[in-house]
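Peer 1: Provided below for reference: sequence and predicted model.
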Amino acid sequence: MQVTLNWTGIDTVLLDMDGTLLDLAFDRHFWLEHVPETLSRQRAITLTEAHQLIREKYHAVAHTLNWYCLDYWSQELALDIRAMTFAQRDRAALREDTLPFLQALRAAGKRTILLTNAHPYNLDVKLAQTGLAAHLDLLLSTHTFGYPKEDQRLWQAVQQQTGFNNARTLFIDDSEPILDAATRWGIGWCLGVSNPDSGRPDQSFSRHPAVRDYRELLETLR
């Protein structure tokens, strides 16, 4: 779907973090490679067995806050996920188009709010590594509200805290189910990210427009 944004009708830009402002390659490596490999060594099971065990556990809590909770996974897998996250912090990286986009949004007077399902510890580690916080007006982890972005109660709570106007808000995320949730709440503009992971092929969106490089949006933003 073609991206057409009327920037004069947008005051607030809500932005996901992983896969939207940061390269999702960090999370793919961590959760789909590093965690299974560590579990395999710790439990003396094959890597195939570790992958199967973790897939089942991931599937059981998909689209809930536990799916994103480092402490939940530490308990479920008997691994120190916080320490593992910190040890892998050098892999966290901004997308190449992130800073030009955030700088242009600020220059245009748009309010920028990070809205991430990432656990607060995960968020802090990535912010320290990337310097992202300096380019945003507000940083929100859904864990502080008790609901993920997939839940309508989250949108109600965030709207009450920030006072954003649904019709004049743009939300950008790399997950179509999460964009669907924002649309159900009445967010006026929803935009997907077709290349969240630099190490994987592009993804397609069937119900929302998507962008591959935010710099494509800068001409109309100016």
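Peer 2: Noted; the coordinates are in hand.

Peer 1: ok, now how distant is F30 from A133?
Peer 2: 21 Å (CB to CB, to the nearest Å). The way it works is simple: take the backbone N, C-alpha and C, and place the C-beta from them, glycine included.

Peer 1: looking at those two, which one has more neighbours?
Peer 2: Between F30 and A133, counted using other CB atoms under 10 Å, F30 has the larger neighbour count: 17 against 14.

Peer 1: checking the more buried one next. Helix, strand or coil?
Peer 2: helix (DSSP: H, G, I helix; E, B strand; the rest coil).

Peer 1: excluding its backbone neighbours, what's nearest it?
Peer 2: Q88 (5.7 Å; CB to CB, 6 or more residues apart in numbering).

Peer 1: mind listing what's buried in the lengthiest helix in the chain?
Peer 2: Identified as the longest helix of the chain according to DSSP state H is helix 47-60. For helix 47-60, the neighbour count (16 or more other CB atoms under 10 Å) marks 50-51, 53-54 as buried.

Peer 1: tell me the one of these nearest L15?
Peer 2: For the buried residues of helix 47-60, the minimum distance to L15 (CB to CB) is 28.5 Å, reached by I54.

Peer 1: strands of this structure, start to end?
Peer 2: Remark: strands assigned in the chain by DSSP state E are 12-15, 111-116, 138-141, 169-173, 189-193, 210-211.

Peer 1: could you give the angle of the second one to strand 169-173?
Peer 2: Taking axes from the mean of the first three to the mean of the last three CA atoms, to 10 degrees, strand 111-116 and strand 169-173 form an angle of 40 degrees between their directions.

Peer 1: packing partners for strand 111-116?
Peer 2: If contacts are counted by 3 or more CB pairs under 8 Å, 6 or more residues apart in numbering; DSSP states H and E, strand 111-116 sits against strand 12-15, helix 98-107, strand 138-141.

Peer 1: could you rerun that using 6 Å?
Peer 2: strand 12-15, strand 138-141 (3 or more CB pairs under 6 Å, 6 or more residues apart in numbering; DSSP states H and E).

Peer 1: one step back: now do the longest helix of the chain: distance to the chain's middle.
Peer 2: Its chain's average C-alpha position is 22 Å from that of helix 47-60, according to CA atoms, centre = their mean, to the nearest Å.

Peer 1: for A50, see how far away the residue of the chain most remote from its centre is.
Peer 2: In the chain, counting by CA atoms, centre = their mean, A44 sits farthest out from the average C-alpha position, at 32.8 Å. Distance of A44 to A50, given as CB to CB: 10 Å.

Peer 1: closest one to T169 out of the buried residues of helix 47-60, please.
Peer 2: For the buried residues of helix 47-60, the nearest to T169 is I54 (35.6 Å; CB to CB).

Peer 1: next, count neighbours for the residue nearest to F30.
Peer 2: 16.

Peer 1: quick check: pLDDT value at the spatially closest residue to T220 that is not a sequence neighbour.
Peer 2: Among residues not flanking T220 along the chain, W7 sits closest, at 6.0 Å (CB to CB, 6+ apart). W7 carries a pLDDT score of 95 in this model.

Peer 1: hang on, isn't W7 packed against L218?
Peer 2: No - contact between W7 and L218 fails when scored by CB atoms under 6 Å: they sit 10.4 Å apart.

Peer 1: buried residues in the lowest-mean-pLDDT helix or strand in the chain?
Peer 2: Sorting the helices and strands of the chain by mean pLDDT, DSSP states H and E puts helix 218-221 at the bottom, at a mean of 88. For helix 218-221, burial by neighbour count (16+ other CB under 10 Å) applies to 218, 221.
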